[in-house]
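>>> Sequence unavailable; structure follows:
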């Protein structure tokens, strides 16, 4: 059993991966470069008190994919707070997007001392210090 399977077992119903499109469909959408897909979330991974969304963004010229992290900082059910955008490149050639997203989320959670099982403080993340190669 791999670490993702153990992790899913530990979190139980607090773990959910959703997929709206296949990788091929996302690639086709991105090639269309249509702003109508801006803010579309093709993949989402909720793991307890943290959530990673692969989101399509439109910067006025092109459509691109990126990751956003949200956290639960309050007991209110289903209430998430936007936390940070990640510099990690979205790998649409990944064989398993769930495992790919889990790897990225887990690295971010560990690097920023967040918790899967406890409410997280809304604190700023110094992306430039944590990810010095990111283009701003």
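Thanks, I have it. None of these values were measured; they are calculated from a predicted model.
>>> Contacts only, for the closest residue to residue 81 other than its chain neighbours.
Using C-beta to C-beta, 6 or more residues apart in numbering and skipping residues adjacent in sequence, the residue nearest residue 81 is residue 73, 5.2 Å away. C-beta here means a position set from N, CA and C on the backbone, and glycine is covered the same way. Applying C-beta atoms under 8 Å, 6 or more residues apart in numbering, we find residue 73 in contact with 81, 119-122.
>>> If we use 10 Å, what do you get?
Applying C-beta atoms under 10 Å, 6 or more residues apart in numbering to residue 73 gives the contacts 49, 79-81, 83, 119-123.
>>> For this structure, which helix or strand comes out least confident on mean pLDDT?
When the helices and strands of the chain are scored by mean pLDDT, DSSP states H and E, helix 127-130 comes last with a mean of 43.
>>> got a list of contacts for stretch 14-32?
Contacts of stretch 14-32 (C-beta under 10 Å, 6+ apart): 4, 7-9, 36-37, 40-49, 51-54, 56, 62-65, 72, 90-95, 97-102, 116-117.
>>> how about a cut-off of 8 Å?
With C-beta under 8 Å, 6+ apart, stretch 14-32 has contacts from 7-8, 37, 40-48, 56, 63-65, 92-94, 97-98, 101, 117.
>>> do the same with stretch 96-113
4, 7, 17, 19, 23, 43, 45, 47, 50, 52, 54, 67, 69, 84, 86, 88, 91, 94, 114-116, 125, 130.
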